[in-house]
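[1] Quick one, structure for this:
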Amino acid sequence: MPGSADGSTKAMGALTVGGLVVVTAYTVALGSNGWLWFGWVVLGLITLGMVVSRGT
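    Just a heads-up that it's a prediction; the model follows:
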């Protein structure tokens, strides 16, 4: 990432990573849930969009 991210982008990044940990733990414990993974992908895309728009 060029430059430093602002607070909201860092928070979204942390939320995305935390979400991945939670979804992975849920999958290991209770089996895969497509809606959880779909939600995490959407969250990741939003975060990625924030990073890209911040970089330009």
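
[2] which residues does the most centrally placed residue in the chain contact?
    Most central in the chain under Cα atoms, centre = their mean is Thr16, positioned 2.2 Å from the mean C-alpha point. Thr16 is in contact with Trp40, Leu43, Gly44, Thr47, counting by Cβ atoms under 8 Å, 6 or more residues apart in numbering. From N, CA and C alone the C-beta is placed, and that goes for glycine too.

[3] Could you verify my assumption that the first one touches Val21?
    By that I understand Trp40. No: between Trp40 and Val21 there is no contact, the gap being 10.1 Å when judged by Cβ atoms under 8 Å.

[4] between these two, which one's more packed in?
    Using other Cβ atoms under 10 Å, the more surrounded residue of Trp40 and Val21 is Trp40, with 16 against 10.

[5] Pull out the buried residues from whatever helix or strand the more buried one lives in.
    Using DSSP states H and E, Trp40 maps to helix 34-55. Under the neighbour-count criterion of 16 or more other Cβ atoms under 10 Å, helix 34-55 has Leu36, Trp40, Leu43, Gly44, Thr47, Met50 buried.

[6] Check stretch 23-34 too.
    Val23.

[7] returning to what we had before: so can I have JSON lines of the buried residues of helix 34-55 showing pLDDT and distance to Gly7?
    Compiled in JSON lines, the buried residues of helix 34-55 are given as follows (pLDDT from 0 to 100; distance: Cβ to Cβ, whole Å):
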{"residue": "Leu36", "pLDDT": "91", "distance to Gly7": "27"}
{"residue": "Trp40", "pLDDT": "92", "distance to Gly7": "22"}
{"residue": "Leu43", "pLDDT": "93", "distance to Gly7": "17"}
{"residue": "Gly44", "pLDDT": "92", "distance to Gly7": "19"}
{"residue": "Thr47", "pLDDT": "91", "distance to Gly7": "14"}
{"residue": "Met50", "pLDDT": "88", "distance to Gly7": "11"}
